[in-house]
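[1] Got a predicted structure plus its sequence, pasted below:
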Amino acid sequence: MTTQALVQVLASGLLMGLIYALIAVGLSLIFGLMDVVNFAHGEFLMLAMYATFGLVLVTQLDPVVLMPLVAALLFMLGAAAYMGVVRFAMRAKANQGMVQIFATFGLAILLQGAAQYLFTPDYRNVQNTWLGGRTLDLGGVFLPWPQIFGALVSLAAFGGLHLLMSRTDFGRALEATREDQGAVALVGIDRNRVFALGWGLGAALVGLAGAVLAIFYYIHPQVGASFALIAYVTVALGGFGSVGGALAAGIIVGLVEAFTAVILPPALKSIGVYALYLAVVFARPQGLFGRL
């Protein structure tokens, strides 16, 4: 492999890794807050992509402009999912963990079935975007502008999330609820409100990712499933509940995937990611940055 080819693989893996991290961070945030795995996470991503597609058709604006609106819509969806489904699953008297799993899994099936009924299984794409089909040439290393933009959005989102968690009352309430859900009620914090806002924030982050992906990826009812699988691996690799771990693991996943695609046929590029994940599970079950 030449130096230029190596740089190309590294750059491509880094850009996609940052997008994977953006997809996964909402999942990690919700788990860290509530110890609940959202199995409808991929469907939230799918709905964000459809929302972007629909808003482009209605407003004739570019996905870059519509991104905040898509994030706001997903925030409302995430909060509604908690208030309408997860809140009741958490009240189960027995097998609470299994009830929560099946509740979010059932929500995923419902959302995917509704999308297939309303939008049909046809593949769609957003056309004539500002960034679509454009590349940046850096001395023979070609970087697609949509992935560059997605990586920048990811870095901005992680930076904003860090400031939110460390500098605001809401962020401190989130951290307090993560540490001790029972004790926060004693100091006047409404646990259900924090959970609903946490779900909304997690969904808003995946909404940003969906708006980015809609620029360069086909949209269909099953699109969330493949990205959700990568997100679960990313969160588990970085450590469940670790926001920083999601960022680092996303980059690792992107790089491993890129190098695997060079060694093996591109259709088998996920093999390296899953092999790395299994190795980490055996050596460090809590993930690279997680705590048991």
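    Now that the structure is in, tell me what you want to look at.

[2] name the element residue 142 belongs to?
    Per DSSP states H and E, residue 142 falls inside strand 141-144.

[3] Mind giving me the packing neighbours of the helix or strand following that strand?
    For strand 141-144, the following helix or strand on the C-terminal side (DSSP H and E) is helix 145-167. Judged by 3 or more C-beta pairs under 8 Å, 6 or more residues apart in numbering; DSSP states H and E, helix 145-167 is in contact with helix 3-34, strand 135-138, helix 169-179, helix 191-216, helix 243-263. Quick note: C-beta positions are derived from backbone N, CA and C, even for glycine.

[4] Please convert these to TSV, extending it with distance to residue 234.
    Output for those, formatted as TSV (distance: least, C-beta to C-beta, whole Å):
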stretch	distance to residue 234
helix 3-34	4
strand 135-138	26
helix 169-179	19
helix 191-216	12
helix 243-263	5
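
[5] Include mean neighbour count, distance to residue 163 and mean pLDDT when you put these into CSV, please.
    Formatted as CSV, the helices and strands packed on helix 145-167 follow (neighbours: other C-beta atoms under 10 Å; distance: least, C-beta to C-beta, whole Å; pLDDT from 0 to 100):
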stretch, mean neighbour count, distance to residue 163, mean pLDDT
helix 3-34, 22, 14, 95
strand 135-138, 11, 28, 95
helix 169-179, 16, 8, 84
helix 191-216, 25, 13, 95
helix 243-263, 22, 12, 95
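
[6] Not counting its own residues, what contacts the strand holding residue 142?
    Identification of contacts with strand 141-144 by C-beta atoms under 8 Å, 6 or more residues apart in numbering yields 4, 7-8, 11-12, 15, 134-136, 216.

[7] and with 10 Å instead?
    Contact with strand 141-144 is made by 4-12, 14-16, 131-137, 150-151, 215-216, as judged by C-beta atoms under 10 Å, 6 or more residues apart in numbering.

[8] For the closest residue to residue 249 other than its chain neighbours, give me its contacts.
    Excluding the flanking residues, the one nearest residue 249 by C-beta to C-beta, 6 or more residues apart in numbering is residue 238, at 3.2 Å. Neighbouring residues of residue 238 by C-beta under 10 Å, 6+ apart: 21, 24-25, 28, 244-253, 280, 287-290.

[9] cool, residue 186 as well?
    Contacts of residue 186 by C-beta under 10 Å, 6+ apart are residue 180.

[10] again, only using 8 Å
    So residue 186 contacts nothing (C-beta under 8 Å, 6+ apart).

[11] what about it, distance to residue 169?
    According to C-beta to C-beta, to the nearest Å, residue 186 and residue 169 sit 17 Å apart.

[12] and if you look at residue 273?
    In terms of C-beta to C-beta, residue 273 sits 38 Å off from residue 169.

[13] Also residue 289?
    For residue 289, the distance to residue 169 - C-beta to C-beta - is 26 Å.

[14] Ok, residue 242 next?
    23 Å.

[15] same check, this time on residue 54
    In terms of C-beta to C-beta, residue 54 sits 35 Å off from residue 169.

[16] cool, and residue 40?
    29 Å.

[17] so what's the residue nearest the centre of the chain closest to, chain neighbours aside?
    Nearest to the geometric centre of the chain sits residue 23, at 1.8 Å (C-alpha atoms, centre = their mean). Leaving aside its chain neighbours, residue 23 sits nearest to residue 209 (4.5 Å; criterion: C-beta to C-beta, 6+ apart).

[18] residues touching the one you found, list them.
    19, 22-23, 45, 48, 150, 154.

[19] hmm, 7 Å instead?
    By C-beta atoms under 7 Å, 6 or more residues apart in numbering, the contact list for residue 209 reads 19, 22-23, 45.
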